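> Build me a model from this:
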Amino acid sequence: MKRHIPNAVTCLNLLCGCLALTFIFRGELVMGAYLVGVAAVADFFDGLLARALRVSSPIGKDLDSLADMVSFGVVPGAIMFKLLSQAVAPRPEESDFVLPSLWVLAPCLGFIITIFSALRLAKFNNDTRQTTSFIGLPTPACTLVVASLPLILANDQFGLENIMLRPWLLLGLTILLSSLLVAELPLFALKFKNLKWLGNRRRFIFVALALVLVLTLRAAGIPLAVLLYVLLSVPGRVRSREGLEPSPPAPQ
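So this is what the prediction gives:
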């Protein structure tokens, strides 16, 4: 029975992704964003349970990637599609402004994130360098950044709506996140083999600072937490290049 527990949690991830899509296309982006958060928690615990119960299997690995493709591939593309649709919609104060005819296709570019997420997941499944760390931004981290946008807009605690709902800004963010997904950028994994400080220093520092950011800034702290994650990975990359830490093994 225990070998099915991690797969059941993975299926919960998939279910949340499917439900998130239904809410997103109904225009309820905030509920979709909350479901993304539940999917991310399930994605974290399925691997943790598999390692704790020692029941890892090729089927579980494939199921995890298929679930991630929905929750952290299709969902962020759908959110960006809806945000870009809002951004290019005519505003009352701009009633005399006529958008170029091809500009109506701009929302479709949000699914670039979906395409690069698929490339990221395929690369991850076949790259032996990523057994203990990541090369490129993980799809859950990318999705959390995108999902935080509707939450920031809903609260609008910093009056950012007029800035965030700009097509070029959203398209720029789409391109940036898509590039980071497949970039040759080594990032540490949030996999705690034990709770000792030695060997987990960066993980503990990241978790503590990320909690402070989210508790202080709420949804606006999520993109900053992901940025912090990337920045904290830089020292490890530098030490690896200098030979102070062993480099990941080359793919076979």
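> Please make it C-alpha for all contacts and neighbour counts, starting now.
Noted.
> For the helix or strand encompassing residue 117, which outside residues touch it?
Taking DSSP states H and E as the definition, one finds residue 117 inside helix 112-126. Applying C-alpha atoms under 8 Å, 6 or more residues apart in numbering, the contact partners of helix 112-126 are 65, 69, 72-77, 130, 135-136, 138-139, 174-175, 177-179, 181-182.
> Give the buried subset of those residues as a ChimeraX selection command.
In ChimeraX, this line selects whichever of the contacts of helix 112-126 come out buried by 16 or more other C-alpha atoms under 10 Å:
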select :65,69,72,73,74,75,76,77,130,135,136,138,139,174,175,177,178,179,181,182
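> I'd like the mean pLDDT over the longest helix anywhere in the chain, please.
When the chain is parsed with DSSP state H, its longest helix is helix 29-53. If you average the pLDDT over helix 29-53, you get 92.
> The stretch 151-252 of the chain: strands as residue ranges?
If DSSP state E, counting those that start in this stretch is used as the criterion, the strands of the stretch 151-252 of the chain fall at 186-188.
> quick one, what contacts residue 6?
For residue 6, the contact set (C-alpha under 8 Å, 6+ apart) comprises 45, 46, 47, 49, 50, 60.
> Apply 10 Å and report the result again.
Residues near residue 6 by C-alpha atoms under 10 Å, 6 or more residues apart in numbering: 12, 42-43, 45-53, 55-56, 60, 64.
> cool, residue 132 as well?
By C-alpha under 10 Å, 6+ apart, the residues touching residue 132 are 187, 188, 189, 190, 191, 248.
> I'd like a version of those in a markdown table, one that adds distance to residue 215, pLDDT and neighbour count as further columns.
Formatted as a markdown table, the contacts of residue 132 follow (distance: C-alpha to C-alpha, whole Å; pLDDT from 0 to 100; neighbours: other C-alpha atoms under 10 Å):
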| residue | distance to residue 215 | pLDDT | neighbour count |
| --- | --- | --- | --- |
| 187 | 24 | 93 | 22 |
| 188 | 23 | 90 | 19 |
| 189 | 22 | 86 | 17 |
| 190 | 20 | 82 | 17 |
| 191 | 23 | 76 | 14 |
| 248 | 35 | 44 | 15 |
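> List just the nearest of those to residue 106.
Using C-alpha to C-alpha, residue 187 comes nearest to residue 106 of the contacts of residue 132, at 31.3 Å.
> any idea how far that closest one lies from residue 8?
Using C-alpha to C-alpha, to the nearest Å, one gets 28 Å for the distance from residue 187 to residue 8.
> Mean confidence (pLDDT) on the strand or helix carrying residue 11, please.
Taking DSSP H and E as the definition, residue 11 sits inside helix 5-25. The average pLDDT for helix 5-25 rounds to 96.
> Only the C-alpha atoms, please, for it, written as CSV.
Extracted in CSV, the C-alpha atoms of helix 5-25 (Å, rounded to 0.1, in the frame of the first residue of the first chain):
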residue,chain,number,x,y,z
ILE,A,5,1.1,7.0,-1.3
PRO,A,6,3.5,9.2,-3.3
ASN,A,7,1.7,8.6,-6.5
ALA,A,8,-1.6,9.6,-4.8
VAL,A,9,0.0,12.9,-3.7
THR,A,10,1.2,13.4,-7.3
CYS,A,11,-2.4,12.8,-8.5
LEU,A,12,-3.5,15.5,-6.1
ASN,A,13,-1.0,17.8,-7.8
LEU,A,14,-2.6,17.0,-11.1
LEU,A,15,-6.1,17.4,-9.8
CYS,A,16,-5.3,20.9,-8.5
GLY,A,17,-3.8,21.8,-11.8
CYS,A,18,-6.9,20.7,-13.7
LEU,A,19,-9.2,22.6,-11.3
ALA,A,20,-6.9,25.7,-11.5
LEU,A,21,-7.4,25.7,-15.3
THR,A,22,-11.2,25.6,-15.0
PHE,A,23,-11.2,28.6,-12.6
ILE,A,24,-8.6,30.5,-14.8
PHE,A,25,-10.7,30.2,-18.0
